[in-house]
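Visitor: give me coordinates for this.
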Amino acid sequence: MNRRTVLAITTGAALLLAACTGTGGSSKGAEAKAPDDPSEVSGTITVLTHRTDLVQDGTMKAYAAEFGRTYPKVKVEFDAITDYEGEVKIRMNTENYGDVLMIPGVIEKKDYPRFFASLGTRAERSKKYRFTDYTTVDGKVYGQSPLGAVPGFIYNKKVWQRAGITDWPTTPDEFLADLKAVRSRTDAVPYYTNFKDMWPLTQWTQVNGSVSCDEQATTRLAEGDPWAAGADLRTADTLLYDIVREGLVEKDPTTTNWEASKPRIAKGEIATMWLGSWAVIQMRGAAEQAGADPDDIGFMPFPAQKNGKFCAVALPDYNQAVNIHSEHKEAARVWVDWFTDKSGYAADNLALSPLKDAPLPDVLAPYEERGVELLDLDDTKGAEVKAIDNRSEVGINKPDYRQDLVDLARGATKGSLDDFLAGLAKKWTDTQASLGS
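Guide: Model (predicted):
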């Protein structure tokens, strides 16, 4: 899985929505209902996907073949798109954007009913599935993520052990001390920023909720200052700044390489990276290819505790949705349901299942053993946060401001951390006021 897919692409949003004004008028509010008799569902559906790798290696074809055992009259075709966000937002100027698709980040939540068929009510679906808040509009759900992830630090356990570290740090100061121990006692780069590839820096926003152990963390963003004293994002950004300022990163962040970082952490040349549970399978795969031990790849939560407990947020990947203009909504709906419930896609990716009663994946076994509390954030105010973020041009889900933060910390630009964060806070809160939040 490539986490470039987590970036919320907003360029061209106004053009897209203007071009689409009036589309879906007669279909607005349509529901893609699950059938009573699976054997009677028929039709050929096209599934748009960002997983070009799984289409190329035949994995998606294998899923479709298994799906066909239950729904023999439905034929599934895949359209794998490399520049998924860029191309799909153009296609959505028309009615021809597949039968099933991953909801692009450019689409504002309030517009979901214009583009996608409802999957049912939040009241009903939330009993079974995680992440329903993220696609709920007026009580109806318009998409479902087939897997989820939990943010955390990927680390090489052998390197940390050689540095004499025997337990997870519980505070940012302890984490910094551990990285200093890695620097003094090993040859590994204590922390790798992935600065040049940019998108990994956006992962730091996913700390939100973990420090405060607060399922209303998204609401706090909509209503308050994300960089107030003690706020989650201030804690995260301060730690990143301190890591860089203390020289605990690669010599030149402008030369980092995401793909090359995988075998390097697997072999112990890099000690730590902030990413998410989705990355564990990639790093373990890199370890196998490099002749290293996949079990050396560890995963730990952000170094903060509330009442003696770590917390981590459960976050969705792309949400699958049914095109409101599809001629085969029922067939499209059963694909979404089957892929979410029965395909094993989440387990195959060592990811968090969207099914609330499913066991945690093996990569989260340390979290389970240590009693890390997984939080399902209330995303009721998610659309407001996105509007504030876009209007303010802060970009909490874009890499620019954290690249600026890293540049400040390494001395490439001048200024203080307090002034830098105060500038972000002013832009954010001024925009809140202008929008009436």
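Visitor: is Asp404 in contact with Thr413, as I believe?
Guide: Yes: the pair Asp404 / Thr413 is scored as a contact, 7.1 Å apart, by Cβ atoms under 8 Å. Bear in mind the C-beta positions are built from the backbone N, C-alpha and C, glycine included.
Visitor: out of these two, which sits in the more crowded spot?
Guide: Neighbour count, other Cβ atoms under 10 Å: between Asp404 and Thr413, Asp404 has more, with 16 against 12.
Visitor: can you report phi and psi for the more buried one?
Guide: Main-chain dihedrals, Asp404, degrees, to the nearest 10: phi -60, psi -40.
Visitor: let me see the contact set for it.
Guide: Asp404 makes contact with 413, 420, according to Cβ atoms under 8 Å, 6 or more residues apart in numbering.
Visitor: tell me how far it lies from Leu350.
Guide: 33 Å (Cβ to Cβ, to the nearest Å).
Visitor: helix or strand: which one has Ala321?
Guide: strand 320-323 (DSSP states H and E).
Visitor: so which residues make contact with that strand?
Guide: 32, 95, 97-103, 112, 115-117, 119, 135, 142-146, 329, 332-333, 336, 339-340.
Visitor: now, the residues you listed that are in strands?
Guide: Of those, the ones assigned to strands by DSSP state E are 100-102, 116-117.
Visitor: including distance to Glu368, could those residues go into a markdown table?
Guide: Putting the ones in strands among the contacts of strand 320-323 into a markdown table (distance: Cβ to Cβ, whole Å) gives the following:
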| residue | distance to Glu368 |
| --- | --- |
| Val100 | 32 |
| Leu101 | 33 |
| Met102 | 29 |
| Phe116 | 34 |
| Ala117 | 36 |
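Visitor: and which of those residues is nearest to Asp418?
Guide: Closest to Asp418 out of the ones in strands among the contacts of strand 320-323 is Met102 (39.5 Å), distances taken as Cβ to Cβ.
Visitor: and stretch 134-154, what's buried?
Guide: For stretch 134-154, the neighbour count (16 or more other Cβ atoms under 10 Å) marks 134-137, 140-154 as buried.
Visitor: restricting to C-alpha, output that stretch in CSV.
Guide: Extracted C-alpha coordinates of stretch 134-154, given in CSV (Å, rounded to 0.1, in the frame of the first residue of the first chain):
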residue,chain,number,x,y,z
TYR,A,134,-16.3,9.6,7.6
THR,A,135,-18.9,9.2,4.8
THR,A,136,-22.2,10.0,6.6
VAL,A,137,-24.3,12.9,5.3
ASP,A,138,-27.7,13.6,6.9
GLY,A,139,-27.7,10.2,8.6
LYS,A,140,-26.9,8.2,5.5
VAL,A,141,-23.6,6.4,4.7
TYR,A,142,-22.1,6.8,1.2
GLY,A,143,-18.9,4.8,1.4
GLN,A,144,-17.1,2.1,3.3
SER,A,145,-13.4,1.6,3.8
PRO,A,146,-12.4,-2.0,3.3
LEU,A,147,-9.5,-1.6,5.8
GLY,A,148,-8.1,0.7,8.3
ALA,A,149,-4.7,1.6,9.9
VAL,A,150,-3.4,2.8,13.2
PRO,A,151,-0.6,5.4,13.4
GLY,A,152,2.7,4.6,15.1
PHE,A,153,6.4,4.4,15.0
ILE,A,154,8.0,1.7,12.8
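Visitor: any idea how far that stretch is from the middle of the chain?
Guide: Here stretch 134-154 is found 9 Å from its chain centre; the criterion is Cα atoms, centre = their mean, to the nearest Å.
Visitor: narrow the contacts of strand 320-323 to those that are buried.
Guide: 32, 97-103, 112, 115-117, 119, 135, 142-146, 329, 332-333, 336, 339-340.
Visitor: show me where the stretch 301-437 of the chain has its strands.
Guide: For the stretch 301-437 of the chain, applying DSSP state E, counting those that start in this stretch gives strands covering 311-316, 320-323, 373-376.
Visitor: need these in a markdown table (columns: distance to Ser277 and mean neighbour count).
Guide: A markdown table is the format used below for the strands of the stretch 301-437 of the chain (distance: least, Cβ to Cβ, whole Å; neighbours: other Cβ atoms under 10 Å):
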| stretch | distance to Ser277 | mean neighbour count |
| --- | --- | --- |
| strand 311-316 | 9 | 24 |
| strand 320-323 | 20 | 28 |
| strand 373-376 | 11 | 18 |
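Visitor: relative to Ala62, which of the ones you listed is closest?
Guide: strand 320-323 (17.9 Å).
Visitor: show the backbone phi and psi for Met198.
Guide: The phi/psi pair for Met198 (degrees, to the nearest 10) is phi 70, psi -60.
Visitor: contacting residues around the residue nearest to it when sequence neighbours are not counted?
Guide: Excluding its sequence neighbours, the residue lying closest to Met198 (Cβ to Cβ, 6 or more residues apart in numbering) is Pro399, at 3.8 Å. For Pro399, the contacting residues are 198-202, by Cβ under 8 Å, 6+ apart.
Visitor: how much space between Pro399 and Ala425?
Guide: Taking Cβ to Cβ, one finds Pro399 at 19 Å from Ala425.
Visitor: now Asn208
Guide: Computed as Cβ to Cβ, the Asn208 to Ala425 distance reads 15 Å.
Visitor: of those two, who's got more company?
Guide: Taking other Cβ under 10 Å, Asn208 and Ala425 do not tie; Asn208 has more neighbours (24 against 19).
Visitor: now for that one: which residues touch it?
Guide: 217-218, 221, 226, 232-233, 236, 313.
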